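S.K.: sharing a model prediction with you, sequence too.
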Amino acid sequence: MSAKRSSINRPPTPDVDRDRENQEPTLQEIINIKMIESGEKERLKELLRERLIECGWRDEMKSLCRAYTRKKGRNNVTVDDLVHVITPKGRASVPDPVKAELLQRIRSFLASTAT
Amino acid sequence: MSSKINHHHQNDKTNGQIFPQPCPHLADFHARNGTKPFRAIQDCLHIKPPGGRAAIRRDSSEVPRCGVCGDSSCPRLYACMACAAVSCHVPPHSSHVAIHATKTSSACSHEIAVDVDRAELFCCACRDQVYDRDFDAAVVLAHTTSIIQSSKPENLRKRRRIDYRPWSPDLRERSLMVNNASPIDSMSSSNGDLPRGLRGLNNLGNTCFMNSVLQALFHTPPLRNYFLSDRHNRYYCQSKNGVRLCLACDLDTMFSAIFCGDRMPYSPAKFLYSWWRHASNLASYEQQDAHEFFISMLDGIHEKVEKDQHKPRSQGNGDCCIAHRVFSGILRSDVMCMACGFTSTTFDPCVDFSLDLEPNQGSSMKTSSTKSNHSCNCEADGMNSSQNCGISTLMGCLDRFTRPERLGSDQKFFCQQCQVRQESLKQMSIRKLPLVSCFHIKRFEHSSVRKMSRKVDRYLQFPLSLDMAPYLSSSILRSRFGNRFFPFDGDESNTLNEPSSEFELFAVVTHTGKLDAGHYVTYLRLSNKWYKCDDAWITEVNENTVRAAQGYMMFYVQKMLYYKASEKQGTS
């Protein structure tokens, strides 16, 4: 049992990492890491959550999921199915002001961390 | 693609929650790893500020990336419960976590994984989210160690329940009743159409603010029952304490007058005078605010009654006076530090709920609240409903009331963990519901900055039946923790299963006109008919008239205390 416990905390095998380090991280990856490390990504996620709840987007997605689940039957639906069904509609129905606000926040973050 | 037929989702109800049976892979995981396999993950559960969500990280600054493709920006990354390998899952393109699951051997099962950003379990073989009590308990534990409760609400000790025993009068009691009471003639010849207890109130000079609230109080079931069953006898009170100011005695006088059957409008002059003496700053013939009068009146009853008997001052469970017994509830306030996630909780009694109207309706996709199905003019479930309904509703206001609110940089809260003032997130919820909920809509805005006041006339839709369950602390906390199964608090009988979160509307106080020159009118619901009480004039009105009115104060009573329409008149 204790052998199993320690295995949960064991990091993944090293050869995977060595392979990757040979390639240059892309700009996108660099930005992503910087955003995660500074905590900005989490703050942006919270902001987005807040805005999408306020404008009713989340409730709409919820009712879409409910309708789909009702149609298919509760035992015949997986989370993957739901994600697949609502992703295109969800992406399309994000209100423009929300998109604009987040883009603005990302822009100012990039400007502030430009080296 | 979908292998869901393996799921035996028989639902078993525990604590009112539906609990699905584990999939065979999850059951297998349990079998291999003992009774509490998820406790090992406790160290990796971090509560991420600012929102306080649970995440899985080996150390708090770890940036998780897929072990196969190195991607760290994937929206769904899963950590294997057996070996901690992180893999991505991007159906239908690729799923490295599903490939990882095939590594399952007789020694160890790699099929169960946990979403690193959401702390939710996933079965890679079934390709679906799974739920486990032990895991959820570990998540809740991680959350609650960061919550301090400043004080348990002292007043929530269990009420000693008295068994119901039927009673019928003996000879002595029977003669007492016959000699000291007169029968109520339920089918009185004069005005047989109006139910008992409806009587106009004369306006004594801009006193519609008082008349409207009094009409609502006369028909507040627990209050009406209290006074009509002589629980506060004015003669006894005055003989015991001398003839002095007692708002409860004046209220007792009025109840007797209103319910005696006389249909001539009544002048509540004595009560007005008593109230003036209690609230001397409001003593004038100017127009007053009905809500302010309501609060002041409850306060007056509390003060005077409390001086007589040496009852506890605490208002939370309403043991002090009838006003609090009927109207008092307990609010819970959680303030979460946005830097470290530490939460501080306080409990405060309240006699009503003052709600803000939503600032602007119809901006982007403003939706009427869909917390639970309620009567809305548009379909509650259709996709387009949320886009078309820009109406403010009472439940929308309650949503706003219980929504987490960011305290701005000028309102920084002192965090006990950080030992410094930090920006915080505040969330209100209802710890204990009162017997009667009074919702006060803040229609009068007074801006001390701009030295002006204005009235908000926007229409507010309110339901006839209201379920307050989504606004209870148990529901709010549950939603904060995400999709979890756990018993709440455990120190009292399930508030969620009790029917006491359902309320029925019985009175609406409306305001028409301007801030300084307006008129209050009350609509009362008796035996499922609506009556308009406009000072001295009482008329029966259509339900739609009430629905269309501008609600200022809405009174709801717990359903179990509300006697629905009965055939006979006068039995409301």
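M.R.: Right, received. Where do you want to start?

S.K.: quick check: residues of the stretch 1-150 of chain B near chain A?
M.R.: Applying Cβ under 8 Å from any Cβ of the partner chain, we find that the stretch 1-150 of chain B lies next to chain A at B:2, B:4, B:7, B:9, B:33-34, B:40-41, B:43-44, B:48-51, B:58, B:61, B:63, B:67-68, B:70, B:72-73, B:81-86, B:91-92, B:108, B:122, B:126-129. For the C-beta atoms, the positions are set from N, CA and C on the backbone; glycine is no exception.

S.K.: what's in contact with stretch B:353-360?
M.R.: Applying Cβ atoms under 8 Å, 6 or more residues apart in numbering or on different chains, the contact partners of stretch B:353-360 are B:291, B:366, B:392, B:394, B:396-398, B:400-401, B:437-443, B:456, B:458, B:460.

S.K.: from chain A, how far off is B:R480?
M.R.: The spacing between B:R480 and chain A, counted by Cβ to the nearest Cβ, to the nearest Å, is 12 Å.

S.K.: the spatially closest residue to that residue that is not a sequence neighbour: neighbour count?
M.R.: Nearest non-adjacent residue to B:R480, counting by Cβ to Cβ, 6 or more residues apart in numbering or on different chains: B:G52, 6.8 Å away. By other Cβ atoms under 10 Å in any protein chain shown, 23 other residues sit near B:G52.

S.K.: please compute how far the helix or strand containing B:D134 lies from its chain's middle.
M.R.: According to DSSP states H and E, B:D134 maps onto helix B:133-144. Computed by Cα atoms, centre = their mean, to the nearest Å, the chain-centroid distance of helix B:133-144 equals 25 Å.

S.K.: can you point out the buried residues in it?
M.R.: By neighbour count on 16 or more other Cβ atoms under 10 Å in any protein chain shown, the buried set for helix B:133-144 is B:F135, B:D136, B:A137, B:A138, B:V139, B:V140, B:A142, B:H143.

S.K.: mind exporting the longest helix along chain A as PDB, just the C-alpha atoms?
M.R.: Criterion DSSP state H: the longest helix present in chain A is helix A:96-113. Extracted in PDB, the C-alpha atoms of helix A:96-113 (Å, rounded to 0.1, in the frame of the first residue of the first chain):
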ATOM      1  CA  ASP A  96     -18.400  40.500 -28.600                       C
ATOM      2  CA  PRO A  97     -18.000  42.800 -25.700                       C
ATOM      3  CA  VAL A  98     -16.700  39.800 -23.600                       C
ATOM      4  CA  LYS A  99     -14.200  38.900 -26.400                       C
ATOM      5  CA  ALA A 100     -13.100  42.500 -26.700                       C
ATOM      6  CA  GLU A 101     -12.600  42.800 -22.900                       C
ATOM      7  CA  LEU A 102     -10.500  39.700 -22.700                       C
ATOM      8  CA  LEU A 103      -8.400  40.600 -25.700                       C
ATOM      9  CA  GLN A 104      -7.700  43.900 -24.200                       C
ATOM     10  CA  ARG A 105      -6.600  42.300 -20.900                       C
ATOM     11  CA  ILE A 106      -4.300  39.900 -22.800                       C
ATOM     12  CA  ARG A 107      -2.800  42.800 -24.800                       C
ATOM     13  CA  SER A 108      -2.000  44.800 -21.700                       C
ATOM     14  CA  PHE A 109      -0.500  41.700 -20.100                       C
ATOM     15  CA  LEU A 110       1.800  41.200 -23.100                       C
ATOM     16  CA  ALA A 111       2.700  44.800 -23.100                       C
ATOM     17  CA  SER A 112       3.600  44.800 -19.500                       C
ATOM     18  CA  THR A 113       5.800  41.700 -19.700                       C
END
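
S.K.: now do it, average pLDDT.
M.R.: Mean pLDDT, helix A:96-113: 92.

S.K.: residues contacting the residue nearest to B:R480?
M.R.: B:H143, B:S146, B:M336, B:G341, B:T343, B:L425, B:R480.

S.K.: neighbour-wise, which of these leads?
M.R.: B:M336 (28 neighbours).

S.K.: could you report the pLDDT at it?
M.R.: The model's pLDDT for B:M336 equals 87.

S.K.: and it, how far is that from B:A181?
M.R.: 58 Å (Cβ to Cβ, to the nearest Å).

S.K.: then B:P24?
M.R.: For B:P24, the distance to B:A181 - Cβ to Cβ - is 71 Å.

S.K.: try B:Y235
M.R.: On the measure of Cβ to Cβ, B:Y235 and B:A181 end up 15 Å apart.

S.K.: what's the local residue count around whatever residue of the stretch 151-300 of chain B ends up closest to chain A?
M.R.: Closest approach between the stretch 151-300 of chain B and chain A, counting by Cβ to the nearest Cβ: B:H291, at 27.6 Å. Neighbours of B:H291 under the rule other Cβ under 10 Å: 22.

S.K.: now B:S465
M.R.: 13.

S.K.: report the buried members of the residues of the stretch 1-150 of chain B next to chain A.
M.R.: Neighbour counting by 16+ other Cβ under 10 Å classes B:4, B:7, B:33, B:40-41, B:44, B:48-51, B:58, B:67-68, B:70, B:72-73, B:81-86, B:91, B:108, B:122, B:126-129 among these as buried.
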